[in-house]
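Enquirer: Sequence below, structure please.
(one chain, ligands or ions: 1)
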Amino acid sequence: MRTLVISDIHANLTALEAVLDDAEHSNTGPFDSAWCLGDLVGYGPYPNECIERISQLPNLECVLGNHDAAAVGSIAVDAFNPDARKTVLWTQEKLTPANKEYLANLPERVNLEYITLVHGSPFRPVWEYLLDTRTATISYEFFDTPYCFVGHTHLPVLYYLPDTRVIAQLIVPEHISQMTLAPRAILNPGSVGQPRDRDSRAAYAMLDLTDYTWEWHRVEYDIQSVQERMRQENLPERHIARLSAGW
Ligand code: ZN
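Expert: I've put the predicted structure just below:
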């Protein structure tokens, strides 16, 4: 049972296709299910295409991100900085009614038997950023499962809190490609469409539920073609530039 874990696609279809291609053709075989941790849209130029591609993934579980909520008007645009706001308005204009409805119906939280799925944190599923061990440690009070998968920060990271510890330990998977998970852990697969760890490649993870093996993956994609499309659509230059630097 292999599960593809993706987050923060941000309307970057080219990065998404590269991830799906890599995941489907990996030497350990294709995946049986897919979990998406939110922010399907926002920043990038292909919001409809990304929703349509993701919604067709096998046995999909998908939660709502803050950009998804903004795109359907359930979060005020004032909550975003001026550049992000411009993209929110652009996305609202582009989305088809069917795709808006799809986003509007996404749950904020999915509780599976052993794993909780949220976008930001188990305390505030749509908005809270898990950026430090203190916030992560407090988060453990807000989910009951051995594992919680999050997105939102666009940083691949693992917060580990076994019974023997009081403060969660932060592990950045820079030189790890595969690990066996142990309870309790909060994991972020990184961002497909807008990585922010100074590595411009698309990030995703593959989880094998039979033995809880978690693989961190990075995939190159045609960043320039996405940037060209963003320029054609007159999207903010800052969001175009950051894709090639990975911040
Ligand atoms: Zn995001």
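Enquirer: and residue 224, what are its phi and psi?
Expert: Per-residue torsions, residue 224: phi -60, psi -40 (degrees, to the nearest 10).
Enquirer: Against the ion, how distant is it?
Expert: Taking CB to the ion, to the nearest Å as the measure, residue 224 and the ion are separated by 22 Å. In this view, the C-beta of every residue, glycine as well, is placed from N, C-alpha and C.
Enquirer: and if you look at residue 93?
Expert: From residue 93 over to the ion (counting by CB to the ion), the distance is 20 Å.
Enquirer: Surely that residue is in a helix?
Expert: Yes. According to DSSP: H, G, I helix; E, B strand; the rest coil, residue 93 belongs to a helix.
Enquirer: Could you count how many residues lie near it?
Expert: Applying other CB atoms under 10 Å, we find 9 residues neighbouring residue 93.
Enquirer: Using CSV, write down the CA coordinates of stretch 178-186.
Expert: Extracted in CSV, the C-alpha atoms of stretch 178-186 (Å, rounded to 0.1, in the frame of the first residue of the first chain):
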residue,chain,number,x,y,z
GLN,A,178,14.2,7.2,3.3
MET,A,179,13.2,6.4,6.9
THR,A,180,10.9,4.2,9.0
LEU,A,181,8.5,6.3,11.0
ALA,A,182,8.1,5.9,14.7
PRO,A,183,5.4,7.5,16.9
ARG,A,184,4.6,10.2,17.4
ALA,A,185,5.6,12.4,14.5
ILE,A,186,4.4,15.4,12.5
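Enquirer: What segments of this structure are strands?
Expert: The residue ranges that make up the strands of the chain, judged by DSSP state E, are 2-6, 33-36, 60-62, 109-111, 115-118, 147-149, 157-160, 169-171, 178-180, 185-188, 202-208, 213-219.
Enquirer: Now do the first one, average pLDDT.
Expert: Strand 2-6 shows a mean pLDDT of 97 in the predicted model.
Enquirer: Who does it pair with, and is each partner parallel or antiparallel?
Expert: Sheet pairing here is set by DSSP bridges, and for strand 2-6 it gives strand 33-36 (parallel), strand 202-208 (antiparallel).
Enquirer: How about that strand and the ion, touching?
Expert: No. Using CB under 5 Å from the ion, strand 2-6 stays clear of the ion, coming no nearer than 11.7 Å.
Enquirer: can you pull out the helices in this protein?
Expert: Ranges of helices in the chain, per DSSP state H, are 13-24, 47-55, 66-71, 82-94, 97-104, 133-139, 223-232, 237-245.
Enquirer: Of the ones you listed, flag the one that's most buried.
Expert: Between the helices of the chain, the one whose residues have the most neighbours on average, counting mean count of other CB atoms under 10 Å, is helix 66-71 (a mean of 27).
Enquirer: among the strands of the chain, which is nearest residue 242?
Expert: strand 202-208 (13.9 Å; CB to CB).
Enquirer: starting at the chain centroid, how far to the closest one?
Expert: 10 Å (CA atoms, centre = their mean, to the nearest Å).
Enquirer: again, but for stretch 117-128
Expert: Here stretch 117-128 shows a centroid-to-chain-centroid distance of 12 Å under the convention CA atoms, centre = their mean.
Enquirer: Roughly how far does residue 59 sit from residue 126?
Expert: Counting by CB to CB, to the nearest Å, the separation of residue 59 from residue 126 is 23 Å.
Enquirer: list the contacts for residue 79?
Expert: Residues near residue 79 by CB atoms under 8 Å, 6 or more residues apart in numbering: 66, 70.
Enquirer: In this structure residue 92 contacts residue 73, no?
Expert: Yes. Contact criterion CB atoms under 8 Å: residue 92 and residue 73 qualify, at 6.9 Å.
Enquirer: How about the residues of the protein by the ion?
Expert: Selection of the chain residues close to the ion by CB under 5 Å from the ion yields 8, 39.
Enquirer: Tell me where this structure is predicted with low confidence.
Expert: By pLDDT under 70, the weakly predicted segments of the chain are 27-29.
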